[in-house]
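Participant: Quick one: sequence plus predicted model below, questions after.
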Amino acid sequence: MLLDIALFGLAFLFAIPAITGYFAYSHGRSFWLWFVLGCFFPFISNIILAVLCWKAARKEERRRVGVMTRYEASYMQSEITEVMQPQPKTQDNPS
């Protein structure tokens with residue numbers, strides 16, 4: 001009976017660090033590092049990890065937008081140069 005309570009207490013105690021570690025691992029970070037941090041700072045480590053993942057996602061989003069705008073800029077430049085090329089003059093011959 002006492003062993004069951006102790007095991008249940010340990011499972012409850014390591015639930016938050018395990019969730020922190022899983023969250024870190026799913027975002028490409030070290031499971032064990034964040035598990036240990038979650039043991040010592042359970043709620044603070046979750047907040048720090050969420051902010052780090054949010055910043056990494058924002059950085060990736062900005063990188064993708066930068067690539068798209070460079071592509072769009074080169075496309076627009078080629079379209080503008082095509083439009084701005086002189087057209088051959090045609091003479092209207094009324095018959």
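Facilitator: Yep, it's here. Residues are numbered from 1 along each chain as shown.
Participant: quick one, longest helix in this structure?
Facilitator: Longest helix in the chain by number of residues, with DSSP state H as the criterion: helix 42-84.
Participant: which stretches of this protein aren't confidently modelled?
Facilitator: Counting by pLDDT under 70, the chain contains low-confidence residues at 65-69, 92-95.
Participant: center of it - which residue?
Facilitator: residue 57 (2.2 Å; CA atoms, centre = their mean).
Participant: Can you dump the C-alpha atoms of the helix or strand containing residue 7 in CSV for me?
Facilitator: Residue 7 is located in helix 2-13, with elements delineated by DSSP states H and E. The C-alpha coordinates for helix 2-13 follow below in CSV (Å, rounded to 0.1, in the frame of the first residue of the first chain):
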residue,chain,number,x,y,z
LEU,A,2,2.8,2.4,0.9
LEU,A,3,4.7,1.4,-2.2
ASP,A,4,1.7,2.1,-4.4
ILE,A,5,1.3,5.6,-2.9
ALA,A,6,5.0,6.3,-3.3
LEU,A,7,5.0,5.2,-7.0
PHE,A,8,1.9,7.2,-7.7
GLY,A,9,3.6,10.2,-6.1
LEU,A,10,6.7,9.8,-8.2
ALA,A,11,4.6,9.5,-11.3
PHE,A,12,2.8,12.7,-10.4
LEU,A,13,6.0,14.4,-9.6
